[in-house]
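[1] Predicted structure and sequence below. I'll ask about it afterward.
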Amino acid sequence: MIVIFLYGLIIGSFLNVCIYRIPRGESIAFPPSHCSKCKYKIKWYDNIPIISYLIIKGKCRNCKESISIQYPLIEGLNGIMYLILYENFGFSIDFIFFALITSVLVVVTIIDLVDMLIPDVLIIIIFTLEIFHKLSLYFINDVSLNLLDSLLGILVSGGLFLLIVFVSRGGMGHGDVTLISSLGFILGLKLIILNIFLSFCIGALISIFLLITKIKNKKDPIPFGPFIIISFFIVLFYGTNILYWYFSFYKYGS
């Protein structure tokens, strides 16, 4: 468990690099980690997840520029998510795949919140990972590919969101369309419909809260991607149970 958490922290540190550089069109490999203000090259001992942030008190060792609290929070979040995934899937193909997908979705969430965009390269990575996931399950665990369900998940979710984009005249971005389509490929038809339903419910609740507390006003755009992603994890862990409960309730209620 400790190893899984530490691995999540290390990957989380790399995610911070992706979150900062991808929207700016910069390489995620070069140059090495550095202060965005003074360009001071960060030493390895200042790059230890969470611990280094606490030691240097959230400031650049060279110029004393404040470092966003986002960095240790993303590292910690990724580590915790890896633990949750390990509890649900054990050390398996599913764990490896969903750990990678989780990290990509963390990057998508923060970029969408900060920059109001969902880079296509991250969606391509999600699709690619799911293809390898399905092939691995098929060849190693002899699990049926069930491509029809995945394709229906793409078509229905992507088609619905394209319709919303058209009707809302830009109220929802194309990044939301590609994101929900990629998750539809992972979840299949039934679960992606549940994902969409929960996305709008959670989005409505959070939006109302932001308006009531005046954190946002009616003219402020609110990214929808994070709502999709929060709902994805709810569906991933509890989706089957939710559907079973719903259909059981409907059956006995009627």
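    Happy to help now that I have it.
[2] now the helices for the stretch 101-250 of the chain?
    Secondary structure of the stretch 101-250 of the chain (DSSP state H, counting those that start in this stretch): helices at 120-140, 147-168, 174-187, 189-212, 225-253.
[3] what about Gly184, how many residues close to it?
    28 (other C-beta atoms under 10 Å). From N, CA and C alone the C-beta is placed, and that goes for glycine too.
[4] contacting residues for it?
    Ser150, Gly153, Ile154, Leu155, Val156, Ser157, Gly158, Ile192, Asn195 (C-beta atoms under 8 Å, 6 or more residues apart in numbering).
[5] at 6 Å what do you get?
    With C-beta atoms under 6 Å, 6 or more residues apart in numbering as the criterion, the residues that contact Gly184 are Gly153, Ile154, Ser157, Ile192.
[6] same thing with Pro23?
    Ile111, Asp115.
[7] Torsion angles phi and psi at it?
    Dihedral angles of Pro23 (phi, psi; degrees, to the nearest 10) stand at phi -60, psi -20.
[8] Give me the pLDDT for it.
    What the model reports as pLDDT for Pro23 is 94.
[9] quick one: it from Ile110, how far?
    Note on Pro23: its distance to Ile110, by C-beta to C-beta, to the nearest Å, is 10 Å.
[10] Look up how far Arg61 lies from the residue lying closest to Lys41 once chain neighbours are set aside.
    Nearest non-adjacent residue to Lys41, counting by C-beta to C-beta, 6 or more residues apart in numbering: His34, 5.1 Å away. Applying C-beta to C-beta, the value for His34 to Arg61 is 12 Å.
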